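With the input below, show me the fold.
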Amino acid sequence: MTQRTILLVIVSLALGAAGGYWLGWRGHISSVHALEPSARESVSRGTGAPSEFATRLSSNEVTRPPISEAETKNLLDDPRASIKAALALANHDTRRNQLARLGEAWARFTPEDAWQEALRVADPAARRALQNAIAVEWASQEPEQALASVAALAPDWQRDELLKQVMTEITRHDPHLALDLVKAIKVPDPDSLSALIVKEWSRYDPSNAAQWIEGQSLRFQGRFAYQIADAYVAQQPSEALEWALRISRSPERFLWSYMLRQMAIHDPHEALRLALGAENPAQRTQALGGVLGSIARSDPALATSYLEKLPAGQYRAQAAMQIASRLAESSPAMALDWLISLDDRATRIQAFMQVGHSVAQQDPDAAAALLDRVPAEARSAWIGAVANAYSEHDVDKAVQWIRKFQDEPGYARTVQRFAIMMAGRSPDAALNLIDRTMTGKPRDEALAGAMPMIASQAPETAARWVEEISDDNFRSNAIANVTSAWAQHDFPAARKWVMSLPSGSPRDQALVQLASNGIASLDETLSLLGQIQSPEQRSQAVLAAAARLGRSDPDGMRTLLRRYPLDPQQRQQLDSMLEHQGWDGW
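Numbers count the residues shown, from 1 in each chain. The predicted structure follows:
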């Protein structure tokens with residue numbers, strides 16, 4: 001019997017055992033990398049016992065249509081011809097699915113050959129479909145080789161997404177191995193991949209994931225604990241909450257409170273009972289605020305009945321905003337009536353702002369019609385929320401709406417807030433609104449406030465309008481903000497504009513922004529520092545530039561400091577900044 005015939009028999013047996021689905025067969029692969037050769041062969045042929053992890057996950061895996069015996073024979077005879085035929089399919093979805101089926105099947109036998117063939121596919125979408133199928137199947141057999149091959153791809157978003165898929169597959173078989181591989185193989189953003197592993201692990205084995213986290217340093221505990229919180233408390237609430245109290249060290253027990261908030265979605269009464277029984281006032285306030293916010297999504301009436309148990313402050317205000325937003329989804333008028341009944345003025349104002357934004361985003365005309373029912377202290381914010389909602393579709397209508405209230409108290413502040421929000425969508429409309437409706441210092445303040453957003457969209461326009469600001473302080477801050485935003489997109493143009501400004505403090509502040517910018521080379525930085533007239537502002541620029549160069553060009557930083565030494569206090573500041581960046585020493 002030939003080798004090809006033997007392989008065909010094996011494939012046919014595997015297909016039958018799995019109900020004719022390739023991916024179903026993969027559910028019986030255990031942690032192949034950890035087995036002896038004889039056991040590995042047994043498992044790979046479908047005769048070994050399924051792993052605990054794979055058994056848990058088999059019901060969640062997505063199957064593709066079965067690959068036929070004829071397709072299997074063609075694939076084994078001439079894999080490249082099979083791939084070529086799939087690439088010739090006209091329908092995009094059909095082509096992608098066929099490539100995925102073939103790639104997965106080929107990877108079961110010779111994954112490295114399949115991977116190299118995928119790299120030769122010119123079409124990006126087709127190559128991605130093939131690589132995805134091959135890499136995930138390869139990861140179930142030879143995780144280290146699969147991960148290393150994916151990590152060696154050119155850095156782009158597709159490589160990063162594929163890394164996540166491979167790590168998810170490895171985690172399903174052996175989460176400890178997945179975590180070890182992140183350390184052993186040079187992968188981009190290992191912290192994010194580790195967080196992905198821990199989160200995937202918690203989906204089917206939260207207890208062991210939590211035990212692993214508890215054995216890590218405090219820094220890593222804080223990084224990973226929230227990754228497993230949702231799955232842990234959903235599957236084993238009592239154990240999860242005990243664990244959260246054990247590793248939480250703040251008086252508020254933030255992790256425990258977060259878990260209670262998730263628990264409240266499914267068991268609101270038990271979550272409320274536990275929150276009210278918290279061991280200290282800070283913990284109780286934190287937990288009850290989050291729990292009420294969760295309950296408000298499904299049962300606003302229950303949430304409102306418990307709101308008074310919260311003392312006035314941040315968490316009560318947050319809970320009130322959540323409740324009001326949920327009430328507004330069914331009846332905005334009812335939400336307003338409830339808000340008006342609140343005794344706490346600060347909470348009432350914050351909640352009105354939240355509801356105004358929510359209602360205006362859903363139906364700005366309805367929000368506009370409710371304005372007369374809004375109390376005076378929240379009226380300005382409500383007017384701005386309606387204007388902002390109008391501006392997303394009709395800037396002229398938004399401007400007409402807001403100008404109707406120019407005789408009301410607080411109009412200047414309303415226009416300023418609205419103009420800043422609108423600047424990103426329509427810089428000219430925002431500037432014209434300020435120019436036509438405001439005068440004096442309020443006008444200067446509004447123009448200066450809008451400059452950062454306008455400069456990121458239209459820096460030349462922002463540069464022209466800076467000259468319209470009469471107040472020296474507002475103009476100086478506006479020039480610095482325009483310079484900073486402009487330099488991110490077009491450093492030479494920003495530098496040319498700054499050098500055209502008259503000498504003085506505003507120009508010096510702009511030069512500080514340029515010297516601190518990450519795009520400036522060492523020579524460029526030294527040249528800019530030489531243009532700063534104020535010794536204090538020059539020292540400020542040297543400190544910022546040295547901290548920047550310390551990350552990318554330590555030798556350049558030393559050259560800079562020899563030319564422009566820092567005083568002892570600033571040197572201490574720099575040392576602290578460099579230490580925070582991981583500086584190894586001078």
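
Now H92: closest residue in space, sequence neighbours ignored.
A125 (7.5 Å; CB to CB, 6 or more residues apart in numbering). The way it works is simple: take the backbone N, C-alpha and C, and place the C-beta from them, glycine included.

Surely that neighbour is in contact with R96?
Yes: contact criterion CB atoms under 8 Å: A125 and R96 qualify, at 6.9 Å.

ok so, going back, chain center to the one helix or strand the residue nearest to H92 maps to: distance?
Here A125 sits within helix 124-141, counting by DSSP states H and E. Centroid displacement of helix 124-141 relative to its chain, using CA atoms, centre = their mean, to the nearest Å, is 25 Å.

how near is D191 to R548?
23 Å (CB to CB, to the nearest Å).

Looking at those two, which has the bigger crowd around it?
Counted by other CB atoms under 10 Å, D191 and R548 do not tie: R548 has more neighbours, with 21 against 11.

what's the helix or strand for the more buried one?
Assigned by DSSP H and E, R548 falls within helix 535-552.

what is the mean pLDDT for that helix?
What helix 535-552 shows for mean pLDDT is 87.

Walk me through the domains of the chain.
Using automatic domain parsing, the domain parsing of the chain gives 3-184, 205-305, 312-409, 414-490, 502-586.

Need those in TSV (columns: distance to L196).
Output for the domains of the chain, formatted as TSV (distance: least, CB to CB, whole Å):
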stretch	distance to L196
domain 3-184	6
domain 205-305	8
domain 312-409	29
domain 414-490	30
domain 502-586	23
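
Which of those comes out lowest on mean pLDDT?
For the domains of the chain, mean pLDDT drops lowest on domain 3-184, to a mean of 72.

quick revisit: more neighbours: A125 and R96, which one.
A direct count of neighbours by other CB under 10 Å for A125 and R96 places R96 higher, at 19 against 13.

end to end, how far does stretch 390-409 reach?
For stretch 390-409, the first-to-last residue distance is 22 Å (CA to CA, to the nearest Å).

for that stretch, which positions count as buried?
Y390, S391, V395, A398, V399, W401, I402, F405 (16 or more other CB atoms under 10 Å).

Max pairwise distance over those: which two?
Farthest pair in the buried residues of stretch 390-409 (CB to CB) is V395 and F405. Separation: 17.2 Å.

My understanding was that A463 contacts V482; is that so?
Yes: here A463 reaches V482: they are 5.8 Å apart, a contact under CB under 8 Å.

Next, show the common contact partners of those two.
A455 (CB atoms under 8 Å, 6 or more residues apart in numbering).

When these two are compared, which one has more neighbours?
More crowded of A463 and V482, by other CB under 10 Å: V482, with 28 against 23.

just to revisit the earlier point, any idea which helix or strand comes after the helix holding R548?
Sequence order places helix 554-563 as the next helix or strand after helix 535-552, per DSSP H and E.

other SSEs contacting that next one?
helix 522-531, helix 535-552 (3 or more CB pairs under 8 Å, 6 or more residues apart in numbering; DSSP states H and E).

which one of those helices lies closest to E308?
helix 535-552 (49.6 Å).

now the angle from the closest one to helix 554-563?
Counting by axes from the mean of the first three to the mean of the last three CA atoms, to 10 degrees, helix 535-552 lies at 160 degrees to helix 554-563.

which residues sit against helix 535-552?
Taking CB under 8 Å, 6+ apart as the rule, helix 535-552 contacts 505, 508-509, 511-512, 515-516, 518, 520, 522, 525, 528-529, 532, 556-557, 560-561, 564, 566-567, 570, 573-574, 577-578, 581, 583.

Can you give the distance from that helix to the centre of its chain?
When C-alpha coordinates are averaged (CA atoms, centre = their mean), helix 535-552 and its chain have centres 30 Å apart.

Buried residues in it, which are they?
So, applying 16+ other CB under 10 Å, buried residues of helix 535-552: 537-550.

What residues sit buried inside stretch 249-264?
Buried residues in stretch 249-264 (16+ other CB under 10 Å): 252-264.

isn't Q531 right next to L511, touching?
Yes: between Q531 and L511 a contact is recorded at 5.5 Å, counting by CB under 8 Å.

Show me which of these two is the more surrounded one.
L511 (27 against 15).

Could you check the angle the helix or strand the more buried one falls within makes with helix 522-531?
Secondary structure from DSSP H and E places L511 in helix 505-516. Per the same axes, to 10 degrees, the angle that helix 505-516 makes with helix 522-531 is 160 degrees.

Please name every helix or strand in contact with helix 505-516.
Secondary-structure packing of helix 505-516 (3+ CB pairs under 8 Å, 6+ apart): helix 472-489, helix 491-499, helix 522-531, helix 535-552.

pretty sure D205 is touching P175, no?
Yes: counting by CB under 8 Å, D205 touches P175, with 7.5 Å between them.

What residues sit buried inside whichever strand or helix holds D93?
Here D93 sits within helix 92-107, counting by DSSP H and E. Buried residues in helix 92-107, counting neighbours by 16+ other CB under 10 Å, are found at 95-107.

again with stretch 229-237
A229, D230, A231, Y232, V233, A234, P237.

how far out from the middle of the chain is that stretch?
On CA atoms, centre = their mean, the centre of stretch 229-237 falls 22 Å from that of its chain.
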